[in-house]
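> Fold the stuff below for me.
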Amino acid sequence: MPLFVADLPAINHARELMAERGMVLLGVWALLNLVVSGYYVARTDARTEAHHFHFMNVAWNVVNTLLAVWGVLQANPWGVAGLSRTESLAAQARFENLLLLNAALDVGYLLIGLWLHRRADSAERPERLRGYARSLWLQGGFLLLFDLTFYFVYHQFAAQLLP
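Now for the predicted structure:
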């Protein structure tokens, strides 16, 4: 399907709006985790796996919240109307590459969780490592699903930009 010059601003707007909505979704996930795990970290014994799980979730989602806020602030659905096709393709590729890099990091988080869980058997405080491992699995698993799904949804705009 040929791209008409008049379609380019609408495609760019929709693409940028999708990125903004993705960051909002990440922010909702982060805030939900902060509320739930923040509640439980204050109400669990610090010597338990559950405490360390919730503690790591809180720490992890402070970072996710900051990234989501930064992403929403960076998104500019109304400011991309003047991009050329070349600039649009470059912006598309940059964001797709960022999502793929994040997905690779997410796999790393899952593997680190596995390593921590295996190391817990010989650790002085196994409950800490098991709690951290469970948190890495939850957060890394969600982020892997989020980044890959977001990539495939976002990638649909690339087909519209190509001649």
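> Output the contacting helices and strands for the helix or strand that Thr149 is a member of.
Taking DSSP states H and E as the definition, Thr149 sits inside helix 126-161. Judged by 3 or more CB pairs under 8 Å, 6 or more residues apart in numbering; DSSP states H and E, helix 126-161 is in contact with helix 7-41, helix 49-74, helix 85-120. The way it works is simple: take the backbone N, C-alpha and C, and place the C-beta from them, glycine included.
> Tabulate the ones you listed in CSV, adding columns for mean pLDDT and distance to Glu127.
Shown next, in CSV, are the helices and strands packed on helix 126-161 (pLDDT from 0 to 100; distance: least, CB to CB, whole Å):
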stretch, mean pLDDT, distance to Glu127
helix 7-41, 95, 14
helix 49-74, 97, 4
helix 85-120, 96, 8
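> Would you mind putting the ones you listed into CSV with distance to Gln160 and mean neighbour count alongside?
Shown next, in CSV, are these (distance: least, CB to CB, whole Å; neighbours: other CB atoms under 10 Å):
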stretch, distance to Gln160, mean neighbour count
helix 7-41, 5, 17
helix 49-74, 22, 18
helix 85-120, 9, 15
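> Can you give me every residue that contacts the nearest residue to Asn76 once chain neighbours are set aside?
The spatial neighbour of Asn76 that comes closest, neighbours along the chain excluded (CB to CB, 6 or more residues apart in numbering), is Glu16 at 6.2 Å. Residues near Glu16 by CB atoms under 8 Å, 6 or more residues apart in numbering: 75-77, 79-80.
> 7 Å instead, please
75-77, 80 (CB atoms under 7 Å, 6 or more residues apart in numbering).
> before we move on, the earlier item: for the helices and strands packed on helix 126-161, which one sits closest to Gln156?
Comparison of the helices and strands packed on helix 126-161 against Gln156 by CB to CB identifies helix 7-41 as nearest, at 9.1 Å.
> any idea how far the helix holding Thr149 is from the chain center?
Offset of helix 126-161 from its chain centre (CA atoms, centre = their mean, to the nearest Å): 6 Å.
> count of residues packed around the residue nearest to Leu114 when sequence neighbours are not counted?
The shortest distance from Leu114 to any non-neighbouring residue, by CB to CB, 6+ apart, is to Ala133 (7.2 Å). Close neighbours of Ala133, defined as other CB atoms under 10 Å, add up to 24.
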